[in-house]
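[1] predicted model and sequence follow; I will ask about them next.
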Amino acid sequence: MTEFKLNGLASPVFGELAVLSVASSSGKQARRLTGWLAGKEGWCLLAALLFLWQVVAWVVPTANRFLFPSPLVTARALWVSLPELGKGTLSSFAILIPGYVIAVFAGVVLGILTGTTGWLERLTVPFTRVVAPVPPTVYVPYAIALLPGFRSAAIAVVFVGAFWPVFVNTTAGAAAVPQRLRDNARVLGLGKVAYLRRVVFPSSLTHIFSGMSVGLAMSFIMLTVAELFGANAGLGRFVQFYADFADYPRMVAGILFTGAVTFICMRALDWLKRRSLFWQK
Amino acid sequence: MRDESASVGQPALELDDVSFGYGAGTVLADLSLRVREGEFVSLLGPSGSGKSTVLRLLAGLEIPRKGGVRHAGMAVTGPDIHRGVVFQDYSLFPWMSLAENVVLAIGKAHPQLSGGQRRELAEEYLELVGLGDACAKYPRELSGGMCQRGAIARALAMGSPVLLMDEPFGALDPVNRTRLQDLLLEVWGSSKPGRTIVFVTHDVDEAVLLADRVVVLGACPGRIIADLPVAIARPRPRRQVYATPAFQALRKTVTEHLQRDMLQRLAAPYTMEEAAGI
């Protein structure tokens, strides 16, 4: 999500930069600058935003600097909090990874079965239409009350958040296996299991990855929300804790750090997607 | 040359008064066809003549509305590995390498073989069609001609006595088309016992050059308008065969049948209007 926003907003800024450089120097130099910038637009925007932030921090009256920490103050807070944030990341991942992995596994297996089995699809689709759009955050308090510990409750909530997008997308992908591939599999006399594993699964991969991508974003949301409720460690907990103590530099540092972790996870998923779909044209 | 009297035996494939359609439309009406064991039959016709549908019925991919489909005397109720199919341009799974595609087919035909043996056999078949160096390549890395070679290798690897080919060279450039026709004849000629092949095409030269028999289909609804034996000795070296009077005559006959069918269809609305007194 972070990446998408950055890329989406970067183009106009990049365009302006190009126009400025054309005005100030010869066309050849401008082209060289344009070439160098290509692919780095996101970083340019990031630098521009940091600069803007610093400018605003200078302008803001001294009394409010406490509420609105400058980038330098935040960076210092980030630096001293790194050990704590590192431990928080581990603690968060101990919730996120099991919840997400179980959700992806269950979503893919059930989605492939549902998408290829007529009666199962007719059975679940009406239910899915009602349940899938419910914002999973509403389950958080009840999950915490219902399940034995915070960790199991948080894993369950992450699971619910990630499961629906993966399941719904996989079902759609499995139901949309092109006729020619189905013919091909029938002609080869593939058994049911081989058909699902060697044909339906790879054919649905594009859908599965979009589900996994939405599911991962949901997982992070669910994780931080769950941690606001009752964790004693973790990224969401870090932000909540310093907000309670009005230590805004650390709170902002925690938000930025969480953003960076999310970004890295999304990039890792993108990498996995590119590797898995290498055979596509 | 193949011994005709030996291969003219049991009907391998039979369509009896078969009708087929989608919804209210009729694709095929009361079509009957017999293909003998070891015979190479070309199905030739314009689009809309249902030639691909005939092939899908023989494969078991479609079930007729009326009439029966039999293979070696047994009713065809669905696809099975006794009838290999080569489609026009999508016989290979894009997420598997050539060798993996062929191994998948071998796994069904020879379940007793170990993984390593299957792999070796797959490489042999790919070698046979001239793709020995491309075993690890994926379909997207290959040209159309290479993909069709792979599809042929896969169909051969299944070991099916019947090969059904649905315009397999239709999407290829002339050079590749020629090469693959030669390859197919070579492979077919050397396979023992002789494989039965039904070959769908809309290319008259291809149909005549390859087949023992050319079945010409007319359109709307699909039906057989001519069934012509090809009395040209094998092997058929392309250049010599094209020059023979027999080839020229047959080519002319087939073309005339196709044209007559086309003209009849073009004339049809006009005569209807005439009948209505317009």
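    Thanks, I have the structure now.
[2] around chain A, pick out the residues from the stretch 151-278 of chain B.
    residue B:158 (C-beta under 8 Å from any C-beta of the partner chain). Where you see a C-beta, it was placed from the backbone N, CA and C, and this is true even at glycine.
[3] go ahead and flag the most central residue of chain B.
    What sits nearest the mean C-alpha location of chain B, by C-alpha atoms, centre = their mean, is residue B:199, with 2.0 Å.
[4] nope, chain A is what I meant
    Closest-to-mean residue, chain A, C-alpha atoms, centre = their mean: residue A:217 / 3.1 Å.
[5] ok, and the closest non-adjacent residue to residue A:53?
    Nearest residue to residue A:53, sequence neighbours excluded (C-beta to C-beta, 6 or more residues apart in numbering or on different chains): residue A:71, at 5.2 Å.
[6] is it true that residue B:85 lies in a helix?
    No. Read with DSSP: H, G, I helix; E, B strand; the rest coil, residue B:85 is strand and lies in no helix.
[7] bridged to it, which residues?
    With DSSP bridges applied, residue B:85 shows beta-bridge pairing to residue B:164.
[8] for the host helix or strand of the residue nearest to the centre of chain B, list the C-alpha coordinates in PDB.
    Element membership for residue B:199 (DSSP states H and E) is strand B:196-201. What follows is strand B:196-201, C-alpha atoms only, in PDB (Å, rounded to 0.1, in the frame of the first residue of the first chain):
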ATOM      1  CA  THR B 196      -4.600 -43.800 -36.200                       C
ATOM      2  CA  ILE B 197      -4.600 -40.000 -36.900                       C
ATOM      3  CA  VAL B 198      -7.500 -37.600 -37.400                       C
ATOM      4  CA  PHE B 199      -6.200 -34.300 -38.500                       C
ATOM      5  CA  VAL B 200      -8.300 -31.200 -38.700                       C
ATOM      6  CA  THR B 201      -7.200 -28.500 -41.100                       C
END
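[9] how far off centre is it?
    Put simply, strand B:196-201 sits 2 Å off its chain's centre (C-alpha atoms, centre = their mean, to the nearest Å).
[10] and the next element down the chain from it?
    Assignment by DSSP H and E places the next element after strand B:196-201 at helix B:204-210.
[11] and the next helix or strand past that following helix?
    strand B:213-218.
[12] against which helices or strands is that next one packed?
    Strand B:213-218 sits against strand B:40-44, strand B:223-229, helix B:245-275, with contacts defined as 3 or more C-beta pairs under 8 Å, 6 or more residues apart in numbering or on different chains; DSSP states H and E.
[13] quick one: strands adjacent to that strand?
    According to DSSP bridges, strand B:213-218 has these partners: strand B:40-44 (parallel), strand B:223-229 (antiparallel).
[14] compare the ones you listed and say which comes out lowest on pLDDT.
    Note on those: lowest mean pLDDT is at strand B:223-229, with a mean of 83.
[15] buried sites along that one?
    Across strand B:223-229, burial judged by 16 or more other C-beta atoms under 10 Å in any protein chain shown covers B:223, B:224, B:225, B:226, B:228.
[16] what's the following helix or strand after it?
    Next along from strand B:223-229, by DSSP H and E: helix B:238-243.
[17] flag every buried residue along stretch B:246-256.
    B:247, B:250, B:251, B:253, B:254.
[18] from the residues you listed, pick the one nearest chain A.
    Closest approach between the buried residues of stretch B:246-256 and chain A, by C-beta to the nearest C-beta: residue B:254, at 28.9 Å.
[19] any idea how far chain A is from the spatially closest residue to that closest one that is not a sequence neighbour?
    Nearest non-adjacent residue to residue B:254, counting by C-beta to C-beta, 6+ apart: residue B:204, 5.2 Å away. Counting by C-beta to the nearest C-beta, to the nearest Å, the separation of residue B:204 from chain A is 27 Å.
[20] pretty sure residue B:204 is touching residue B:45, no?
    No. Using C-beta atoms under 8 Å, residue B:204 makes no contact with residue B:45, being 10.6 Å away.
[21] overlap in contacts of the two?
    By C-beta atoms under 8 Å, 6 or more residues apart in numbering or on different chains, residue B:204 and residue B:45 have these common neighbours: residue B:258.
[22] which of those two has more residues huddled nearby?
    residue B:45 (26 against 20; other C-beta atoms under 10 Å in any protein chain shown).
[23] ok, the more buried one touching residue B:221?
    No. Between residue B:45 and residue B:221 there is no contact under C-beta under 8 Å: 11.7 Å.
[24] anything in contact with each of those two?
    Joint contacts of residue B:45 and residue B:221 (C-beta under 8 Å, 6+ apart) do not exist.
[25] next, residue B:31: secondary structure please.
    strand.
[26] roughly how far apart are the nearest residue to it once chain neighbours are set aside and chain A?
    Nearest residue to residue B:31, sequence neighbours excluded (C-beta to C-beta, 6+ apart): residue B:18, at 5.0 Å. In this structure, residue B:18 and chain A are 19 Å apart, going by C-beta to the nearest C-beta.
[27] confidence score at residue B:18?
    According to the prediction, residue B:18 has pLDDT 83.
[28] where does it land in three-state SS?
    Quick answer, by three-state DSSP: residue B:18 is strand.
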